[in-house]
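**Q** Please work out how this folds:
(chains A and B)
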There are 2 protein chains.
Amino acid sequence: MAKAGRRPGQTETREQILAAARGLFAEHGFDATTIRAIAAEAEVNPALIHHYFGSKDRVFVAALALPVNPVDVIGEAITGSREMIGERLVRFFLSVWGNPEARQPFLAMLRSVTSNEQAARMMREFINHTVIRPIAAELGIRELTMSAVGAQLIGIAMLRYVVRLEPLASASDEEVVATVAPVVQRYLD
Amino acid sequence: MAKAGRRPGQTETREQILAAARGLFAEHGFDATTIRAIAAEAEVNPALIHHYFGSKDRVFVAALALPVNPVDVIGEAITGSREMIGERLVRFFLSVWGNPEARQPFLAMLRSVTSNEQAARMMREFINHTVIRPIAAELGIRELTMSAVGAQLIGIAMLRYVVRLEPLASASDEEVVATVAPVVQRYLD
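**A** Numbering: from 1, shown residues only, chains lettered A, B, ... in the order given. Predicted structure coming up:
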């Protein structure tokens, strides 16, 4: 039924929206790009973008083909017992990066961020807006502390999956969780 | 006197050695490249390389034009009171990355590591050999713990100087030290 009811051209429209979004996010950054501007660029009604994606951060995640929305993953990690947030955060992070297919778009992101100021701006605005500010507020910690947590996690990704530094590269997820989670938890306490 | 005594061709010989080293490190990695092999490739006596550089890690640092030898910086940081190592380590790290000129070769390194497996191998072998193993042994901590410390520092570099994530990018060195050093120290305790 859903398939039969699918309007012709829906995939094309979606792609058109994502192409417009990619261009605008790269050119103007995450903050200055509005759903209205993406709609104008893609020549669709803004309501259609809301209908397909729901929010600007979801348009961003889809436009960059990120395998997960950090907002969802982190939202899940910080739900539940506070003293286990560090462990859940590290475990989620490793499960995404540990999946070679899910890892690719993040690797591409790391690459473009180190070589391209446009990409760097896009990412810093996205991360600040969707992760650092809301999560720091929700947990009642400083935004600087929250960005140090982000640095710990992104550094693990760099050394474990990109540089493949030993013994971090060959350690099991459980060993990494046991080593890193208490330290992340300390930031959050 | 020193200048007058400088043999003609010394700079050229040095450059010849570094070019040979860059090629061999990239092709075979840090571990498998010997001073003897660099000497053969550069068509000089191995004793001359020892005379100019002293050790393989110093040839590597010069070949990649790194502004400091991690071995020296970390060696200095771990000398003195144990309970202050975290703070000295973070402070040294920020002072190098905070210098725009010194930062350039490290940025180039990050860029090549994310896009090139040869560069990644070279770096992982160099870091493992000169930082992770000796420092973990000297401090009596696990190598996995030492690499988590490395991940925290490299993540700070990525987010503060490359992505320029706020508020990490605009925070003073002292604020970053106050936030991150206790956590690094916890790894070392």
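
**Q** does the helix ranked longest in chain A come close to chain B?
**A** Counting residues, the longest helix in chain A under DSSP state H turns out to be helix A:10-28. No: for helix A:10-28, no contact with chain B is found by Cβ under 8 Å from any Cβ of the partner chain; the gap never falls below 14.8 Å. C-betas here are computed from N, CA, C, even on glycine.

**Q** buried stuff in the helix or strand that that helix is followed by?
**A** Scanning forward in sequence from helix A:10-28, with DSSP states H and E defining helices and strands, the next element found is helix A:35-42. For helix A:35-42, the neighbour count (16 or more other Cβ atoms under 10 Å in any protein chain shown) marks A:35, A:38-39, A:41-42 as buried.

**Q** Determine the set of other helices and strands touching helix A:35-42.
**A** helix A:10-28, helix A:46-53, helix A:56-63 (3 or more Cβ pairs under 8 Å, 6 or more residues apart in numbering or on different chains; DSSP states H and E).

**Q** just checking, A:Leu159 touches B:Leu153?
**A** No: under the criterion of Cβ atoms under 8 Å, A:Leu159 makes no contact with B:Leu153, lying 10.0 Å away.

**Q** can you tell me the residue of chain A closest to chain B?
**A** Among the residues of chain A, A:Gly155 lies closest to chain B, at 2.7 Å counting by Cβ to the nearest Cβ.

**Q** Tell me the pLDDT of the residue most central in space within chain A.
**A** Nearest to the mean C-alpha position of chain A, by Cα atoms, centre = their mean, lies A:Pro70 at 3.7 Å. Looking at A:Pro70, its pLDDT stands at 83.

**Q** Might one say that it is in contact with A:His129?
**A** No: counting by Cβ under 8 Å, no contact exists between A:Pro70 and A:His129, whose distance comes to 10.8 Å.

**Q** ok so, going back, please identify the most buried of the helices and strands packed on helix A:35-42.
**A** When neighbours are counted by mean count of other Cβ atoms under 10 Å in any protein chain shown, the highest per-stretch mean among these falls to helix A:56-63, a mean of 21.

**Q** Quickly check: that helix near chain B or not.
**A** No: in this structure, helix A:56-63 remains apart from chain B according to Cβ under 8 Å from any Cβ; the gap is never smaller than 15.1 Å.

**Q** and the next helix or strand after that helix, what does it pack onto?
**A** Downstream of helix A:56-63, the next assigned helix or strand under DSSP H and E is helix A:70-77. Secondary structure elements in contact with helix A:70-77, counted by 3+ Cβ pairs under 8 Å, 6+ apart, are helix A:85-97.

**Q** Return the list of helices and strands in contact with the helix it packs on.
**A** Secondary elements touching helix A:85-97 (3+ Cβ pairs under 8 Å, 6+ apart): helix A:70-77, helix A:100-115, helix A:143-157, helix A:173-188.

**Q** try 10 Å this time
**A** Here helix A:85-97 touches helix A:70-77, helix A:100-115, helix A:133-139, helix A:143-157, helix A:173-188, going by 3 or more Cβ pairs under 10 Å, 6 or more residues apart in numbering or on different chains; DSSP states H and E.
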